[in-house]
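Student: sequence and computational prediction follow.
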Amino acid sequence: MIELQGLTKRYGDKTAVDRLTFTVRPGVVTGFLGPNGAGKSTTMRMLLGLDTPTSGDVRIDGRHYTQLSEPMKHIGALLDAKAIHGGRTAYNHLLCIAQSNRIPRRRVDEVLETVGLTAVAKKRSKGFSLGMGQRLGIAGALLGDPEILMFDEPVNGLDPEGIHWIRNLMKGLAAQGRTVFVSSHLMSEMALTAEHLIVIGRGRLLADTSMADFIEKNSRSFVRVRTPQRERFKDVAHAAGHTVVEAGDGAFEIQDGDCAKLGELAAQHQLVLHELSPQRASLEEAFMQLTAESVEYHAHGAVTPGAPVGAGAPQGAAAPGDQPGDQPAGQPQWGAQWAAKKPKNQKKGR
Ligand SMILES: Nc1ncnc2c1ncn2[C@@H]1O[C@H](COP(=O)(O)OP(=O)(O)OP(=O)(O)O)[C@@H](O)[C@H]1O
Ligand SMILES: [Mg+2]
């Protein structure tokens, strides 16, 4: 179990982590979400004693990291997959860690097997692809067979097979009763992986909730309508007091609409409907709504296909996913926002 109590970190006048209090429990994968610069990596570094909190406290099974006599047997972490000595083979990299942490040599073979790197164990890691590097980092985290595992954006840059593998690994580790704490930018990925969510923005806690509750509380529902009589439908819907939003693909979205009532309205006016379906916003949308005030690094010129039609419609409504967690193809409005990385000159600790 990981417990944070009022954890705060300031760099000069910048508050990177602001009075964070939450608990990460065993048996489930806990997703740690937040926009770029929200303070995820800083929080994880403080947890491992790599950064000193300005105030507050963070404990692993009731103790500070520095109080753990054999820390790798309590917590395994991957913060930066590139933080390896490229001249060492995968086997020797893990052997160094094992020997300096009183972990038996046989564990090296075991974890190499677990992450699928046995065949390249004797190859120098500088020739490894990003995915192989991530696997090696995960092998290092697993080396001490710890009860707590923490990964900072482990799926960044991985191909679908690698993402699938990490997802199943994390779920499997949680199913064994371990505590799994993982940060990610990929909301759709978290929807498939995490059961619990911690969301932060500008260092502050925005949500500490189950995935199901998060979607329920933060996503909007609407009705999607497709009709060949677009103008007439808009007029009829407006006259009935509905807000009609363009979905960007020719369909309309009716905020807080009711399928049955909209169907009856269309029938009354003899309007043909090609689609009338209830929708719930995707996790990406729920997340973007929650963190809208906290996004520090915006891309400019993003296309917004969900722009409202007519007067009185809400601004910035986004297009839906079909399922919670789905990111529909060809809808760049959040992709552009998430693509906004922080400036390169900002120092990132390892
Ligand atoms: N060593 C440091 N010195 C000064 N500022 C720092 C340092 N480390 C982080 N920061 C600042 O603290 C804030 C939080 O950074 P952090 O890397 O923890 O965010 P993050 O949520 O991990 O972001 P990302 O999603 O981009 O990885 C940022 O504004 C960052 O610039
Ligand atoms: Mg980070």
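Tutor: Good, I have the coordinates. Residues are numbered from 1 along each chain as shown. Ligands and ions are numbered 1, 2, ... in the order given.
Student: ligand 2 contacts on the chain?
Tutor: Listed as neighbours of ligand 2 in the chain under the rule C-beta under 5 Å from the ion: 40, 41. The way it works is simple: take the backbone N, C-alpha and C, and place the C-beta from them, glycine included.
Student: and the chain, what are its domains?
Tutor: Residue ranges for the domains of the chain, per automatic domain parsing: 2-216, 221-280+297-338.
Student: in JSON lines, list those along with mean pLDDT.
Tutor: As requested, those are exported to JSON lines (pLDDT from 0 to 100):
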{"stretch": "domain 2-216", "mean pLDDT": "92"}
{"stretch": "domain 221-280+297-338", "mean pLDDT": "69"}
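Student: now render these as a markdown table, adding mean neighbour count and distance to ligand 1.
Tutor: Shown next, in a markdown table, are these (neighbours: other C-beta atoms under 10 Å; distance: least, C-beta to the nearest ligand atom, whole Å):
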| stretch | mean neighbour count | distance to ligand 1 |
| --- | --- | --- |
| domain 2-216 | 19 | 3 |
| domain 221-280+297-338 | 16 | 8 |
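Student: looking at these, spot the one closest to residue 287.
Tutor: domain 2-216 (5.0 Å; C-beta to C-beta).
Student: before we move on, back to that, could you dump the domains of the chain into TSV and include distance to residue 291?
Tutor: What follows is the domains of the chain, written out as TSV (distance: least, C-beta to C-beta, whole Å):
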stretch	distance to residue 291
domain 2-216	4
domain 221-280+297-338	10
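Student: which one of the ones you listed lies nearest to residue 288?
Tutor: Closest to residue 288 of those is domain 221-280+297-338 (C-beta to C-beta; 5.7 Å).
Student: quick one: what helix or strand has residue 232 in it?
Tutor: Using DSSP states H and E, residue 232 sits in helix 230-239.
Student: could you pull out the helices for the protein?
Tutor: Here the chain has its helices, by DSSP state H, at 40-47, 90-99, 106-114, 130-142, 160-175, 187-193, 211-218, 230-239, 259-268, 283-291, 332-338.
Student: out of these, which is closest to residue 248?
Tutor: Per C-beta to C-beta, nearest to residue 248 of these: helix 332-338, 8.8 Å.
Student: you'd agree residue 148 is up against residue 72?
Tutor: No - contact criterion C-beta atoms under 8 Å: residue 148 and residue 72 do not qualify, at 10.6 Å.
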